[in-house]
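This is a predicted model, with the sequence first.
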Amino acid sequence: MLFKQQVWLRQKLLVLGSLAVGSLLYLVARVGSLDRLQPICPVENRFGGAHSQAEFPLRALQFKRGLLHEFHKGNSSKEQVRLHDLVQQLPKAIIIGVRKGGTRALLEMLNLHPAVVKASQEIHFFDNDENYAKGIEWYRKKMPFSYPQQITIEKSPAYFITEEVPERIYKMNSSIKLLIIVREPTTRAISDYTQVLEGKERKNKTYYKFEKLAIDPNTCEVNTKYKAVRTSIYTKHLERWLKYFPIEQFHVVDGDRLITEPLPELQLVEKFLNLPPRISQYNLYFNATRGFYCLRFNIIFNKCLAGSKGRIHPEVDPSVVTKLRKFFHPFNQKFYQITGRTLNWP
Ligand code: A3P
């Protein structure tokens, strides 16, 4: 009898102990999230502008972002917009490319920062003549509402490869910050192909194999007329941009590393944008089902990127992969030299 009571007591103690440990772990996680809200550091104002950010703590931005969310849901009136100083600001930084480099992941991850507001859609203002003709006010009106102390970021990957874009962006803001996210060029080209292939399959159309597009059947050399190949010659495109902007206005994000180890890449971007470090490991968790990092905004709200990000690539003939890697090699070297960022590409 006594033995039975002892076992019962031990089980009870075990349950209570687990509850205590659970609560402790919960508190640790909660403190992790609260840490992001600490009002220790004002947002620096290296971007200039009429509003001084000196006395505007990040905590307030975080709080106001809640209101902003309400506004987006349509729960706020025009009076509230005025009351809360909401404005539609032109972007202070643009993710100009590269297509399939991880542009969506980068934008969504930067949006974890309380001082960053993203334009959800690709606006294609500078690369689309029809949109561009509508004027800069049209562009500004496409921007999300934000507080003057926040910075708006948009991404349209076609900007990087479109001839007219550097000059047009320069005319809007010659000191804008430009983000380029790149992946190993052959992988990027295959990813690009996979996206197009999926589009064709959705319409029940057949499509060529990657090998057929990437290699010229007459010469057996790399087909530089194939768009997916041309886009991956990063240095060629960057050189056009450098006619308008100095290299200091660009930041290269390693898209391959953003997949496997996002935090250090995001911290480099925070630095480049002169934002206090606010994105932490708490905000990023690996989702084994997706095979990618997903985003945690707070204890309640988290999300992974859509299924169209992270497609399975078709198998490509290894000799074609080798040929492409050899082809890209000298361009990559030049890209490292110009940008000052060496990446681990073959
Ligand atoms: P794949 O589909 O080839 O894997 P973009 O947004 O510029 O179109 O880039 C898409 C790529 O983002 C995907 O290419 C994927 O590898 C990459 N990516 C990086 N981080 C990701 C993340 N956390 N979730 C999903 N995809 C991510």
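Sure, I can see it. For clarity, every value in this text was computed on a predicted model and none was experimentally measured.

hmm, who's touching the one helix or strand residue 258 maps to?
Assigned by DSSP states H and E, residue 258 belongs to helix 255-260. Helix 255-260 is contacted from outside by 98, 101-102, 105-106, 109, 181-184, 187-188, 264-266, 292-293, 343-344, using CB atoms under 8 Å, 6 or more residues apart in numbering. C-beta: built from backbone N, CA, C; applies to glycine.

What sits closest to the residue sitting nearest the centre point of the chain if chain neighbours are left out?
The chain has residue 106 as the residue nearest its centroid, 1.1 Å off, counting by CA atoms, centre = their mean. Leaving aside its sequence neighbours, residue 106 sits nearest to residue 181 (CB to CB, 6 or more residues apart in numbering; 5.1 Å).

That neighbour belongs to a strand, doesn't it?
Yes. Under DSSP: H, G, I helix; E, B strand; the rest coil, residue 181 falls within a strand.

And for residue 218, the neighbour number?
Using other CB atoms under 10 Å, residue 218 has 7 neighbouring residues.

swap in residue 245?
Neighbour tally, residue 245, other CB under 10 Å: 18.

ditto for the one 3 residues further on
As a burial measure, residue 248 scores 9 neighbours (other CB under 10 Å).

Count the neighbours of the residue lying closest to residue 213 once chain neighbours are set aside for me.
Nearest non-adjacent residue to residue 213, counting by CB to CB, 6+ apart: residue 226, 5.0 Å away. Residues lying near residue 226 (other CB under 10 Å) number 20.

Please tell me I have it right and residue 226 contacts residue 214.
Yes. Applying CB atoms under 8 Å as the test, residue 226 and residue 214 come out as touching, 5.8 Å apart.

what does the chain have sitting close to the ligand?
99-105, 157, 191, 258-259, 292-293, 305, 309-311 (CB under 6 Å from any ligand atom).

Now, those that are in helices?
103, 104, 105, 191, 258, 259 (DSSP state H).

Residue 195 contacts residue 311, correct?
Yes. Counting by CB under 8 Å, residue 195 does reach residue 311; the two are 7.1 Å apart.

all helices of this structure, in order?
Assigned by DSSP H, the helices in the chain fall at 2-35, 58-72, 78-83, 103-110, 129-132, 136-141, 165-172, 185-202, 210-214, 227-231, 234-241, 255-260, 262-272, 318-339.

Of these, which shows the lowest average pLDDT?
The minimum mean pLDDT among the helices of the chain belongs to helix 2-35 (a mean of 54).

how close does residue 162 get to residue 128?
Plainly put, residue 162 is 9 Å away from residue 128 if you go by CB to CB, to the nearest Å.

The two: which has the busier surroundings?
Between residue 162 and residue 128, counting by other CB under 10 Å, residue 162 is the more crowded of the two (19 against 15).

check contacts around that one.
So residue 162 contacts 126, 127 (CB under 8 Å, 6+ apart).

Swap in 7 Å and give it another go.
Contacts for residue 162 (CB atoms under 7 Å, 6 or more residues apart in numbering) come out as residue 127.

next one: residue 90
With contacts defined as CB under 7 Å, 6+ apart, the neighbours of residue 90 are 140, 143, 152, 172, 173.

Could you provide these in JSON lines, with additional columns for neighbour count?
As requested, the contacts of residue 90 are exported to JSON lines (neighbours: other CB atoms under 10 Å):
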{"residue": "140", "neighbour count": "16"}
{"residue": "143", "neighbour count": "19"}
{"residue": "152", "neighbour count": "21"}
{"residue": "172", "neighbour count": "15"}
{"residue": "173", "neighbour count": "14"}
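
What is the nearest of those to the ligand?
residue 152 (18.7 Å; CB to the nearest ligand atom).

Quickly list what the closest one is bridged to.
Beta-bridge pairing for residue 152 (DSSP bridges): residue 117.

going forward can the numbers begin at 172, since that is how I track them
With 172 as the first residue, the last one maps to residue 323.

Is it correct that it is in contact with residue 262?
Yes. Assessed by CB atoms under 7 Å, residue 323 is found in contact with residue 262 at 4.7 Å.

mind saving the C-alpha coords of the helix holding residue 429 as PDB?
Listed next in PDB are the C-alpha coordinates belonging to helix 426-431 (Å, rounded to 0.1, in the frame of the first residue of the first chain):
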ATOM      1  CA  GLY A 426      21.100  33.400 -52.100                       C
ATOM      2  CA  ASP A 427      22.500  29.900 -51.500                       C
ATOM      3  CA  ARG A 428      23.400  30.900 -48.000                       C
ATOM      4  CA  LEU A 429      20.100  32.500 -47.400                       C
ATOM      5  CA  ILE A 430      18.600  29.100 -47.900                       C
ATOM      6  CA  THR A 431      20.800  27.200 -45.500                       C
END
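
List the buried residues for it?
Using 16 or more other CB atoms under 10 Å as the test for burial, helix 426-431 gives 426, 427, 428, 429, 430.

any idea which of those is closest to the ligand?
residue 430 (4.4 Å).

how near is the residue nearest to residue 384 to residue 403?
10 Å.

repeat for residue 276
Distance from residue 276 to residue 403, by CB to CB: 18 Å.
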